[in-house]
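# One predicted model, sequence on top.
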Protein chains: 2
Amino acid sequence: MALFMDVHRKVTGLTPGELEEIARSGLETARAKGVEVRNFWYNAKEGCIFCLCEASSKEAAIEAHRASGEPIPDEIFEVKEGSLH
Amino acid sequence: MALFMDVHRKVTGLTPGELEEIARSGLETARAKGVEVRNFWYNAKEGCIFCLCEASSKEAAIEAHRASGEPIPDEIFEVKEGSLH
């Protein structure tokens, strides 16, 4: 598995609660596609979301979004987690 | 303190090791400016870095980059950490 950070930019018009609910509702579907969401961060007012997940490929991470009815990320990068020590 | 995600896009030409070394070398200076880096993720080949930090303001997070001689982020968003449960 690899680590991916994806970025959504135009997810406006949702409250923080609605946005979190949508993200959480997709976790099971993502897991069923072999994608494990590790964390996500968002700014509901600016409509941006950063999602960190483990997946076998970029395509698998994108497919997990599609399968759970979530918007396809505007960007997605395979990333390495930096070490602070 | 608030949580910020900043994005660097054009940090190319560095090995993963060099990139991590630069990030780590800025931690003390950031802390001295009241900015606590919580984590960072990067793709050295594509030259992108995502940095999650706690700071009193966006300006403080940007100033911490400037003070440690790191490139100013291309984007920075105040974010909330989503809850997966």
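All right, it came through fine.
# Please name the residues that touch the nearest residue to A:Y42 once chain neighbours are set aside.
Nearest non-adjacent residue to A:Y42, counting by CB to CB, 6 or more residues apart in numbering or on different chains: A:I49, 4.3 Å away. Where C-beta positions appear, they are placed from N, C-alpha and C, glycine not excepted. Contact analysis of A:I49 by CB atoms under 8 Å, 6 or more residues apart in numbering or on different chains lists A:7-8, A:11, A:19, A:23, A:40-42.
# Remind me which helix or strand A:I49 belongs to.
Following DSSP states H and E, one finds A:I49 within strand A:48-55.
# can you list the residues of chain A near chain B?
Chain A comes close to chain B at residues A:3, A:5, A:7, A:16, A:19-20, A:23-24, A:27, A:37, A:39-44, A:46, A:48, A:50, A:52, A:77-85, as judged by CB under 8 Å from any CB of the partner chain.
# same thing but at 6 Å, please
Taking CB under 6 Å from any CB of the partner chain as the measure of proximity, chain A contacts chain B at A:5, A:20, A:23, A:40-43, A:48, A:50, A:77-79, A:81-82.
# can you put those in CSV and add neighbour count, distance to A:S68 and secondary structure?
Written out in CSV, the entries for those read as follows (neighbours: other CB atoms under 10 Å in any protein chain shown; distance: CB to CB, whole Å; DSSP: H, G, I helix; E, B strand; the rest coil):
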residue, neighbour count, distance to A:S68, secondary structure
A:M5, 28, 18, strand
A:E20, 18, 14, helix
A:A23, 22, 9, helix
A:F40, 23, 13, strand
A:W41, 21, 18, strand
A:Y42, 24, 16, strand
A:N43, 19, 21, strand
A:C48, 21, 19, strand
A:F50, 24, 17, strand
A:F77, 21, 20, strand
A:E78, 16, 21, strand
A:V79, 21, 21, strand
A:E81, 14, 24, strand
A:G82, 18, 29, coil
